[in-house]
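# no FASTA, just this:
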């Protein structure tokens with residue numbers, strides 16, 4: 001009788017532990033999904049596929065740029081989810097036959113994600129698929145990145161992001177890499 005009682009107690013404890021661990025894991029997942037959301041996924045997935053970019057990287061950029069605030073505006077004039085400058089957005093929009101009629105269109109989540117993803121895809125091509133250099137150029141500008149490579153400040157392979165001379169850009173690239181790792185660990 002004592003042996004049966006111990007087995008039943010052991011089974012009950014195992015069940016309780018399983019339930020507690022499942023709750024803890026589920027709570028952890030819920031918290032992580034709230035911290036690293038996939039808002040606007042219909043647009044991110046659509047345009048990431050169209051422009052051949054990892055959607056988790058686009059979520060990482062949006063997280064760093066605006067934290068998913070579609071009305072975000074920076075002091076430098078960047079607008080929307082992917083914080084696009086009007087001149088850059090106009091140039092990219094014209095390339096994909098989506099001309100900007102007015103700057104306020106950049107506050108439209110779908111348009112902003114479409115143009116921002118296309119721009120990032122172009123940067124990836126420009127830098128031979130190097131994610132780090134493309135992210136650096138997304139933040140600091142193509143001219144700066146090309147100058148830094150030319151004068152040896154950063155390597156053409158992007159392996160030395162710690163040498164990015166703009167502190168803001170240096171931190172920006174690191175932030176996106178961290179976001180990207182988190183998105184990968186949560187959603188893959």
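Perfect, thanks for sending it. The structure displayed is predicted, hence computed values, not measured ones.

# Distance check, the nearest residue to residue 72 once chain neighbours are set aside against residue 59.
Distance criterion Cβ to Cβ, 6 or more residues apart in numbering; nearest residue to residue 72, sequence neighbours excluded, is residue 66 at 3.7 Å. Using the backbone N, CA and C atoms, a C-beta is placed for each residue, glycine as well. The gap separating residue 66 from residue 59 is 12 Å, by Cβ to Cβ, to the nearest Å.

# Please say which of those two ends up with more neighbours.
residue 59 (25 against 20; other Cβ atoms under 10 Å).

# name the element the more buried one belongs to?
Element membership for residue 59, per DSSP states H and E: helix 55-66.

# give the contact list for the nearest residue to residue 95 once chain neighbours are set aside.
Leaving aside its chain neighbours, residue 95 sits nearest to residue 118 (7.3 Å; criterion: Cβ to Cβ, 6+ apart). Neighbour list for residue 118: 47, 51, 92, 95-96 [criterion: Cβ atoms under 8 Å, 6 or more residues apart in numbering].

# in the helix or strand hosting residue 115, what counts as buried?
Residue 115 is part of helix 109-126, with elements assigned from DSSP H and E. Buried positions in helix 109-126, judged by neighbour count with 16 or more other Cβ atoms under 10 Å: 109-124.

# what packs against the very next helix or strand once past that helix?
Sequence-wise, the next helix or strand downstream of helix 109-126 (DSSP H and E) is helix 131-140. Judged by 3 or more Cβ pairs under 8 Å, 6 or more residues apart in numbering; DSSP states H and E, helix 131-140 is in contact with helix 55-66, helix 109-126, helix 142-150, helix 167-187.
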